[in-house]
Each structure stands twice: as C-alpha cells, then as structure tokens.
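A.B. asks: Below is the structure, and that's it, no one-letter string:
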C-alpha cells in the first residue's frame, strides 16, 4: 500500500473529483481518519445518547447540524456527501446501494456522525514501537461480537464488537498506555487475555476480518471496535442510513497527536 | 463546614427523608458530586448535542432515559426527584420555585442530565498539594461570563462561564496536570494568565461568587464552569426546566479517583 503524505485537504479534493475511489489506508498519514454514520433526525437523539453511553466503541468526534454536511469541528469546508471514496446506503437495515457520492440521497433532516477509528491508536502503537502483525501481513484485524452488552439507548441496543491484536507479553503494558492516551479513538483495551471471558469461543475464527496468527509469547489484546455503532444501528432496521464503505474512511484535518488526552 | 465521611448512599437517604436540606460541600468526601439539569425530551437533543460539542464546560456524566429519574450509571437505585437537597424550577427561563422534592413536577417526557462539577478537580488539586484560597477563606470561587463563545447546538448558544482560582506561579504546571486528569470534571484550565484575553475587564469584580484576593506571585487560572450549561439553557427560555440549587449537588456513588483519565 503506497503512503500518501499530502495534506488531507488535497486528498479530499481528489476524492471529491472521483480520482480516488479506493480504501484510505496509508493516505494523509498522521491525520485522524473517521467512521461515518448518517441517520435521520428522528433517530439521531437515540444514536447520540447511545454514543454518549458507550464511548469506548462509539467515540464521537463530530455531529453535524441537521441537514449540514460540513464537519466544521474536524475539517471545516469539507463536504461529507462527496469527500469519502465510497458509501453504503441502507434501507430498512439492509444494504441497498454502494456509491461514491451521496449528494442525490441527501435530505434536510439528516445528521452525520463522525466517530474515531482504530487507525489513530494503531498509529500510537507503532509510534511506541509495538509491532502490528496484521499490518505487516497486509491483513485486516480480526473482529468478534462479544458477550459484553452495550448500555442501550432508546431503539439502539446490542453487543460490543471488538478487534484483536496479538501483542508480545513484554509489550502489553506499553500497548495499554499508548492506546489509553487516545480515548477519542477507542482508547485502552477493553480486555487483555482469555477470549472466553468475553464470549469469544474460537480465537481462530473471527466474525469479521482475517484470523490472526499468534506467535509464541503473544497475548490476545482486545479493543472496542467502530463496527459496534454500525452493527447496533443496522440491527434496529432504520428506514434510511448512510455509512462509509469498510476501509473507505473520512480524512479529517486533525493530526492524530492532537487527539491525545492531556 | 463539617466533613461527612459516610457513603453517599447513606447521605442520600437522609436527603430523601428531608433530614438534610443544606449545601453538600464536605459531604460524601472523595465521591463525585454532580450538577443537575432536567429538560423535556423536546429540548434534550439540542442540549445533548451542546454538551457533546462543549465538553469542557459541559462534561456529561449521565443522561437518563426519558421519564426515568434513576441515574443507573452513576448511582443505581437513586431517585433524582428526591435525592438532592434543593431544586430550582424554571418556567419560560425564569425562576418560579425552589423546592426540596420535585416528584410532583415530574413528567414522562423529562430527561435528566448529570454533569461533572469543580469539586472533583478541586479535590485533585488539594491532593496534589495545591492551596485553594477560597476554601481556606470559606468563600465561593469567582466566576465570569467570558468572550469565548461556546459552539452552538440547535436552540442553545452563549458564552462560556469560567471560574478563577489564584495559583502560586510555581504550582501552575502542577495545577494544570492535576486537573487535566479529570476531563469529566472540566479538565485542564481553559486559560492561564491575562484576564483581558478572555474578555474579563475587572478581575476584582466577578459576575458570580466572591472576589478572590491575589497574593504576591499568584497567577489567575481559569477553568470552564458548570454554570455555563445552565446559563445557556435558561437563555433559550425553555418552557420548563429543573436544576439543583447552587451548592446543593447530587452525590453519586462514583469515587473521584474513578473519573481519572487513564
């Protein structure tokens, strides 16, 4: 995967013009990438409350005014309808279409939520000298639905989804402290060790992503995953919802380092 | 002011029974005290979004389900209608009544917001050995409306209110790091030094509270203040709103230390 060191603003210009339609891995290195969830105002209160009650899987970076696609806090002047390479349109909780521009679908009652993403804490882990096996192997992380129930809010309820990274035992403490500094990007692990304790029956068979090979001395470390809010929202079968397509994230103007807790 | 070392649960029992009706300073020492704001569901989305966009003045600890007075996250089994010593009822943005029990005013569409309070970071400052002059003198802190505009949300907008504590210059850095660990209780100062830079014309004349005498070598240090959300909400003249009376806080079951960022 080539590294694109340009400022996110310039990359978004290429995305908006249709010159970039692929995944955003390696693009705008050092800047925060975000998950997108768009819901009608009618469901927005419950979703906002769900995020407030479950900050580890659902770390809110930005919520737009109803009808506005301008994420003024994270990337003023950007347009969330055109500046993501690929979107998914859901109707009644089922995938209806995958498109590169949602302008024709936009409505005055839509609220866009931007949520922190694992790329930021993975950047912090790499900066701390912690190896990430899935990146070295060009794989996706392994993800599971757990037995940990999120705190419900209105129509939204469901289990927490986690991602797992094998970490050498001697580096687990450093992985915890490095990621804990980024509460807006899932923060510290929610579980270290025994997968069965959080309802994962088979560590070799993830619900999403690629199985991670454990090396001798590795400990499985689990972080809350941004798939959670999407899974929870879709489980409620909303009449209409827009998300980014997996791996096709929104590039913000916020440097990763600026998200660090003091 | 006597110190009441009992568990908040036992103190709430006395409050509920009408045996305690005064301010909560010094009660349930070591446990988080919270500001209360209650609004009808109709205004709750804008208020929740306002808090999400302005976490320093409006650090959300808990938002109840509509109609429920049980703060299940911070003090399960408590009743927010009876467990605060004194409440204020506002109608059309004006103070209508002050009561010790809001059960007769409760409605199925009311949402209760609990917000972090300066007592928690003051506890952290004292633990770090930083003197707090207003406590030694039995005064209230000094508070001002500033020229810093909060990020608006729907019907809510207005300036940030800050509190000021004189801190010896040699201890300013320690005061910053000690309070920064408590983002759920206003976190780090929003300004250190020159009052004029945030629109405070006369440091000897606060908008609320008592003037703070500066000693030689003191620096004025400003923290975002929990008066902000109340002031902003009332400025929108909501038809109905309930708050705690100043100084009469809600005692949660959460130890202060448990609110520390990792």
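C.D. replies: Structure's in. What do you need? Since we're looking at a predicted model, the values are computed, not measured.

A.B. asks: quick one: residue A:18 from residue A:100, how far?
C.D. replies: Remark: distance between residue A:18 and residue A:100 (C-beta to C-beta, to the nearest Å) = 6 Å. (Each C-beta comes from the backbone N, C-alpha and C, glycine too.)

A.B. asks: how about the closest residue to residue A:204 other than its chain neighbours, what does it touch?
C.D. replies: Taking C-beta to C-beta, 6 or more residues apart in numbering or on different chains, and ignoring the residues beside it in sequence, residue A:204 has residue A:211 as its nearest neighbour in space, at 5.4 Å. Contact partners of residue A:211, counting by C-beta atoms under 8 Å, 6 or more residues apart in numbering or on different chains, are A:142, A:204, A:205.

A.B. asks: Now tabulate those in JSON lines and tack on pLDDT and neighbour count.
C.D. replies: What follows is the contacts of residue A:211, written out as JSON lines (pLDDT from 0 to 100; neighbours: other C-beta atoms under 10 Å in any protein chain shown):
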{"residue": "A:142", "pLDDT": "94", "neighbour count": "24"}
{"residue": "A:204", "pLDDT": "94", "neighbour count": "9"}
{"residue": "A:205", "pLDDT": "96", "neighbour count": "10"}
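
A.B. asks: Quick check: strands, which of those residues are part of them?
C.D. replies: residue A:142 (DSSP state E).

A.B. asks: and which of the contacts of residue A:211 is nearest residue B:131?
C.D. replies: Distance to residue B:131 across those (C-beta to C-beta) is lowest for residue A:142, with 51.9 Å.

A.B. asks: And the helix or strand that contains residue A:90, how far out from the chain middle?
C.D. replies: Assessed by DSSP states H and E, residue A:90 sits inside strand A:87-91. Centroid separation for strand A:87-91 versus its chain: 16 Å, with C-alpha atoms, centre = their mean, to the nearest Å.

A.B. asks: mind listing what's buried in that strand?
C.D. replies: Buried residues in strand A:87-91, counted by 16 or more other C-beta atoms under 10 Å in any protein chain shown: A:87, A:88, A:89, A:90.

A.B. asks: give the contact list for the last one.
C.D. replies: Applying C-beta under 8 Å, 6+ apart, one finds that residue A:90 lies in contact with A:96, A:234, A:238, A:240, A:241, A:242, A:243.

A.B. asks: for those residues, which one is nearest chain B?
C.D. replies: Of all the contacts of residue A:90, chain B sits closest to residue A:238, with 16.3 Å by C-beta to the nearest C-beta.

A.B. asks: unless I'm mixing things up, that closest one is touching residue A:89, no?
C.D. replies: No. Applying C-beta atoms under 8 Å, one finds residue A:238 not in contact with residue A:89, separated by 11.6 Å.

A.B. asks: Please indicate which of the contacts of residue A:90 are buried?
C.D. replies: A:234, A:238, A:240, A:241, A:242, A:243.

A.B. asks: okay, the residues you listed in CSV with distance to residue B:179, pLDDT and secondary structure next?
C.D. replies: Formatted as CSV, the buried ones among the contacts of residue A:90 follow (distance: C-beta to C-beta, whole Å; pLDDT from 0 to 100; DSSP: H, G, I helix; E, B strand; the rest coil):
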residue, distance to residue B:179, pLDDT, secondary structure
A:234, 40, 89, helix
A:238, 40, 92, coil
A:240, 43, 95, strand
A:241, 39, 95, strand
A:242, 39, 96, strand
A:243, 37, 95, strand
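
A.B. asks: Which of the helices or strands spans residue A:164?
C.D. replies: Short version: residue A:164 belongs to strand A:159-168, going by DSSP H and E.

A.B. asks: just to revisit the earlier point, neighbour count for residue A:18 and residue A:100, which is higher?
C.D. replies: It is residue A:100, of residue A:18 and residue A:100, that has more neighbours when counted by other C-beta atoms under 10 Å in any protein chain shown, with 16 against 11.

A.B. asks: The more buried one and chain B, how far apart?
C.D. replies: 29 Å (C-beta to the nearest C-beta, to the nearest Å).

A.B. asks: go on, residue A:209?
C.D. replies: 26 Å.

A.B. asks: shouldn't that residue be in contact with residue A:162?
C.D. replies: No. The pair residue A:209 and residue A:162 does not pass the contact test of C-beta under 8 Å, sitting 11.0 Å apart.

A.B. asks: between the two, what contacts are shared?
C.D. replies: residue A:143.

A.B. asks: Can you pick out the residue with more neighbours from the two?
C.D. replies: Set residue A:209 next to residue A:162 and count neighbours by other C-beta under 10 Å: residue A:162 wins out with 30 against 18.

A.B. asks: just the strands in chain A please.
C.D. replies: A:31-40, A:60-63, A:87-91, A:94-99, A:110-116, A:142-149, A:159-168, A:191-192, A:208-209, A:218-224, A:240-244, A:250-255.

A.B. asks: wait, which of the ones you listed is closest to residue A:9?
C.D. replies: Using C-beta to C-beta, the strands of chain A put strand A:250-255 closest to residue A:9, at 6.5 Å.

A.B. asks: Measure how the closest one sits relative to strand A:110-116, angle-wise.
C.D. replies: 60 degrees (axes from the mean of the first three to the mean of the last three C-alpha atoms, to 10 degrees).

A.B. asks: So in that sheet, which strands flank strand A:250-255, and in what orientation?
C.D. replies: strand A:31-40 (antiparallel) (DSSP bridges).

A.B. asks: in the partner strand, what's buried?
C.D. replies: A:31, A:32, A:33, A:34, A:35, A:36, A:37, A:38, A:39, A:40.

A.B. asks: what pLDDT, on average, does it get?
C.D. replies: Average pLDDT, strand A:31-40: 97.

A.B. asks: Stretch A:177-185 now?
C.D. replies: 96.

A.B. asks: How far does it stretch from one end to the other?
C.D. replies: One end of stretch A:177-185 to the other measures 13 Å (C-alpha to C-alpha, to the nearest Å).

A.B. asks: near chain B, which residues of the stretch 101-250 of chain A show up?
C.D. replies: Within the stretch 101-250 of chain A, the residues that sit near chain B (C-beta under 8 Å from any C-beta of the partner chain) are A:151, A:153, A:154, A:176, A:177, A:180, A:181, A:183, A:187, A:188.

A.B. asks: Can I have the buried ones of the residues you listed as a PyMOL selection?
C.D. replies: Of those, the buried ones can be selected in PyMOL as follows, counting by 16+ other C-beta under 10 Å:
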select buried, chain A and resi 153+176+180+181+183+187+188
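
A.B. asks: would CSV of the residues of the stretch 101-250 of chain A next to chain B with distance to residue B:66 be doable?
C.D. replies: Supplementary listing: those in CSV, determined by distance: C-beta to C-beta, whole Å:
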residue, distance to residue B:66
A:151, 15
A:153, 11
A:154, 8
A:176, 37
A:177, 39
A:180, 33
A:181, 35
A:183, 27
A:187, 29
A:188, 32
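
A.B. asks: Give me the subset of the residues of the stretch 101-250 of chain A next to chain B that lies in helices.
C.D. replies: Mapping these onto helices (DSSP state H) picks out A:176, A:177, A:180.

A.B. asks: Residue A:9 and residue A:253 touch, don't they?
C.D. replies: Yes. Judged on C-beta under 8 Å, residue A:9 makes contact with residue A:253 at a distance of 6.5 Å.

A.B. asks: what touches both of these two?
C.D. replies: Common neighbours of residue A:9 and residue A:253 (C-beta under 8 Å, 6+ apart) are residue A:75.

A.B. asks: between those two, which one's more packed in?
C.D. replies: The neighbour count for residue A:9 versus residue A:253, taken as other C-beta under 10 Å, is higher for residue A:253 (19 against 15).
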